[in-house]
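# have a look at this prediction, sequence included:
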Amino acid sequence: MTRQEAHRLIRSLRRQFLLLTVTRCLLLTTVAVGFLGTLWNPSDAPGSILSANPLTNALWLAATFAAVVWVALTFYSVRQVRSTNQATAYIASGRLDLAEGQLMDALRQFSLYRNGKLLACHKLALIAHGQKQYQVAAELCDGILSFGAWGGLSKGISRLCRIMLVDCHLFLGDVTSAIRALRPVSSQDPDLSLAEQLLVLPIELRCQIGSDHYERAASSLSWKMSRAELLDSPKAALAHALLAVACQKTGQTENATFLQRRAELYHDLDELAEDYDVLRERAQGSSGKNSAPQATSADNK
Amino acid sequence: MQEIDAQFIERHFAATAPRPSRMTGFYALIGVVAAFVLVWAFRAQSWHLVRPLVLGLPWLVLLLLLAVSWWTTLQQRQRRRMITKAEEHVQLEAWEQAERTLEPALQSPIRSSNDRCQAFMVLAALAEHNRQYESAARIYQTLLLERIGEGYQLQRVQLGLSSAKLRNEELADAVNLLDRLEKISMPPALQAVCQLIRLSQQVFMGHYEDAVENMADRQSLFRRFLSTKAGYGYGLLAAAHHRLGRLDEAARLWLDATTLVHPERLVEEYDCLAVVSQNYPALEQRS
């Protein structure tokens, strides 16, 4: 998928959402008008469902028809959720091409509910991110976030998209946009689940170190370490290495040495520096200035 | 903390078992409502009721049905949230909070097999923390026998069972289970856990040469997939080297282990590490 295709997809989603809003309004209005119109018809005898007045009958039938259409469209919309779930299974097994096809199909189908489409779009962004197509992923995440809560965007998807968007900006080297996108989220936000905190922490540290906010990065160190310990090895190494940089810059030399040593035990930092500019830049910046950390047994293998 | 004994476990497995009769009841209710709406549509006019009642009642009944199903789904979601929260507390080693959060979730049926398995794995972790390894093993066994959970979860359950049996000194069972687990295909993260349990078994049983035989491979596996828990692996390798008289290697591994995990925590988890702790300096934990 290219950036233009992603842009077109978001535009098409906007049109679809407009169509579904109109459809929902029409159906709801028909049900309400039909039902109330039949109720307030004073001319009929008690106990009868059908009226002598053809207009009342038409209203009653229209309300029933609209309700049946709503139920049928709901069942049809469930198919889309099923497609998205199938795509998730494909992503888990690494068959990204199949997952992408499945999600594109799901996005083309009509649905009465926005959530299913936004979820499919989020999964598509996830695939693009996994394929290192950061511009595409950023375009999709930005598009999803633009729908907002009124557009049917749930809190969970909104947060995940925001985190992914920040990550994409950072990989694209745009720290300013990343910081702007991250502003509503903080790793220490009590509303975040532990899984979300673990997603946000390394990204937040990359933003803070990338923008030279070392004091902020080194604050609440023990809390940050307790979370960094729960990350998988490469992310734990990244978080510890960034915390080490922050401590070094704020004069906490002993903490910096300890964190650096830990980072090296978690993962090969040279390998990480290939993926993360922020580590590479700091490593180049500090080479020669700091003493080399002690070798670990992991290095001696 | 409440004792997690056999009765407690049995009671909670029974309480959380999904009730097929409830679902049957729900479908029967839908049937009754549908029949009522039909009868109402054809017969209501002969009962001479007021028109708003004739037209409104079927809709009200349908709305009531929707409300019931919405409420049931909401309850299941709340239960899932509680289980996830309890699991988070276990990860953060906030044991009392984990117990408090889990307790209400185990009081009523859990429809999803995944959620039920997750809940009992949290309970098993609490039992292990209390050193009630027999109870933990009982929980894992019940999960396996009743096939509660999905493939990946059940593999984690089997690993938990082997570890619990080992700590409960049911060595033959533990070794047999580990032999079986090593032969089946597992994701690398679980293979690393399996190797950690195997290493602890070898150190516990005094097979120190076996423990250090594939040290480089094991260390690499631990480093890649166990993250901070790799510290336990390094600690156990240090113990094996110490027993074999390779003191320099033991000292270096103990330093690595204590860089990742606090020495007290290491000894708390594996009693055999107390000797190593007394003989080698640990890295002072920071922050």
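Nice, I can see it.

# please count neighbours and contacts with C-alpha atoms only from this point.
OK.

# close to chain B, is the lengthiest helix in chain A?
When chain A is parsed with DSSP state H, its longest helix is helix A:54-92. No - Helix A:54-92 stays clear of chain B (Cα under 8 Å from any Cα of the partner chain), getting no nearer than 9.4 Å.

# next up, the contacts around the residue of the stretch 101-250 of chain B found nearest chain A.
Distances between the stretch 101-250 of chain B and chain A by Cα to the nearest Cα are smallest at residue B:227, namely 4.4 Å. By Cα atoms under 8 Å, 6 or more residues apart in numbering or on different chains, the contact list for residue B:227 reads A:229, A:230, A:231, A:232, A:233, A:236, A:266.

# isn't residue B:76 up against residue B:110?
Yes - the pair residue B:76 / residue B:110 is scored as a contact, 7.0 Å apart, by Cα atoms under 8 Å.

# the more surrounded of the two?
For residue B:76 and residue B:110, the more surrounded residue by other Cα atoms under 10 Å in any protein chain shown is residue B:110, and the numbers stand at 24 against 18.

# and residue B:4, backbone torsions?
Backbone geometry at residue B:4, expressed as degrees, to the nearest 10, gives phi -100, psi 80.

# near chain A, which residues of the stretch 101-250 of chain B?
Residues of the stretch 101-250 of chain B lying near chain A (Cα under 8 Å from any Cα): B:216, B:219, B:220, B:223, B:224, B:225, B:226, B:227, B:228.

# so which residues on the stretch 151-300 of chain A come close to chain B?
The stretch 151-300 of chain A comes close to chain B at residues A:193-194, A:221-222, A:226, A:229-234, A:236, A:254-255, A:258, A:261-262, A:265-267, A:296-298, as judged by Cα under 8 Å from any Cα.

# just the buried ones from these, in ChimeraX syntax?
Listed next is the ChimeraX selection for buried residues among those, using 16 or more other Cα atoms under 10 Å in any protein chain shown:
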select /A:194,221,229,230,231,232,233,234,236,255,258,261,262,265,266,267,296,297,298
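
# let's see which of the residues of the stretch 151-300 of chain A next to chain B end up in strands.
When DSSP state E is applied, those are split such that none fall in strands.

# among the residues of the stretch 151-300 of chain A next to chain B, which lie within helices?
A:194, A:221-222, A:226, A:233-234, A:236, A:254-255, A:258, A:261-262, A:265-266.

# wait, what's in contact with residue A:225?
Residue A:225 touches residue A:240, counting by Cα under 8 Å, 6+ apart.

# name the next helix or strand downstream of the longest helix of chain A, please.
helix A:96-108 (DSSP states H and E).

# what's the angle between that following helix and helix A:54-92?
Interaxial angle, helix A:96-108 versus helix A:54-92 (axes from the mean of the first three to the mean of the last three Cα atoms, to 10 degrees): 170 degrees.

# show me what the helix or strand that comes right after helix A:96-108 is packed against.
As assigned by DSSP H and E, the chain's next helix or strand after helix A:96-108 is helix A:114-130. When contacts are defined as 3 or more Cα pairs under 8 Å, 6 or more residues apart in numbering or on different chains; DSSP states H and E, helix A:114-130 sits against helix A:54-92, helix A:96-108, helix A:134-147, helix A:155-171.

# with just CA atoms, put helix A:114-130 into PDB.
Taking C-alpha atoms only, helix A:114-130 is exported to PDB below (Å, rounded to 0.1, in the frame of the first residue of the first chain):
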ATOM      1  CA  ARG A 114     -18.200   2.600  12.500                       C
ATOM      2  CA  ASN A 115     -16.200   0.700  15.100                       C
ATOM      3  CA  GLY A 116     -15.700  -2.400  12.900                       C
ATOM      4  CA  LYS A 117     -14.300  -0.300  10.100                       C
ATOM      5  CA  LEU A 118     -12.000   1.700  12.400                       C
ATOM      6  CA  LEU A 119     -10.800  -1.500  13.900                       C
ATOM      7  CA  ALA A 120     -10.000  -2.900  10.400                       C
ATOM      8  CA  CYS A 121      -8.300   0.300   9.500                       C
ATOM      9  CA  HIS A 122      -6.200   0.100  12.700                       C
ATOM     10  CA  LYS A 123      -5.100  -3.500  11.800                       C
ATOM     11  CA  LEU A 124      -4.100  -2.200   8.300                       C
ATOM     12  CA  ALA A 125      -2.000   0.400  10.000                       C
ATOM     13  CA  LEU A 126      -0.500  -2.300  12.200                       C
ATOM     14  CA  ILE A 127       0.500  -4.300   9.100                       C
ATOM     15  CA  ALA A 128       2.100  -1.200   7.400                       C
ATOM     16  CA  HIS A 129       4.000  -0.500  10.600                       C
ATOM     17  CA  GLY A 130       5.200  -4.100  10.800                       C
END
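
# for the stretch 151-287 of chain B, which spans come out with low pLDDT?
B:284-287 (pLDDT under 70).

# which of the helices and strands in chain A ranks last by mean pLDDT?
helix A:277-286 (a mean of 71; mean pLDDT, DSSP states H and E).

# the helix or strand harbouring residue B:157: what's the following helix or strand?
Using DSSP H and E, residue B:157 maps to helix B:151-167. Downstream of helix B:151-167, the next assigned helix or strand under DSSP H and E is helix B:171-183.

# buried set for the helix or strand following that following helix?
Remark: after helix B:171-183, the chain's next helix or strand is helix B:188-204, criterion DSSP H and E. Neighbour-count burial for helix B:188-204, counted by 16+ other Cα under 10 Å, picks out B:190-204.

# likewise stretch A:195-214?
A:196-210, A:214.

# may I have it exported as CSV, CA atoms only?
Extracted in CSV, the C-alpha atoms of stretch A:195-214 (Å, rounded to 0.1, in the frame of the first residue of the first chain):
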residue,chain,number,x,y,z
ALA,A,195,0.0,-3.2,28.5
GLU,A,196,-0.6,0.3,27.3
GLN,A,197,1.9,1.7,29.8
LEU,A,198,4.5,-0.7,28.4
LEU,A,199,3.8,0.5,24.9
VAL,A,200,4.0,4.1,25.8
LEU,A,201,7.1,4.1,28.0
PRO,A,202,9.9,3.5,25.4
ILE,A,203,8.2,5.8,22.9
GLU,A,204,7.8,8.6,25.5
LEU,A,205,11.5,8.1,26.4
ARG,A,206,12.5,8.4,22.8
CYS,A,207,10.6,11.6,22.5
GLN,A,208,12.1,13.1,25.6
ILE,A,209,15.7,12.1,24.8
GLY,A,210,15.2,13.1,21.2
SER,A,211,14.2,16.6,22.3
ASP,A,212,16.9,16.8,25.0
HIS,A,213,14.4,16.8,27.9
TYR,A,214,16.7,14.7,30.1
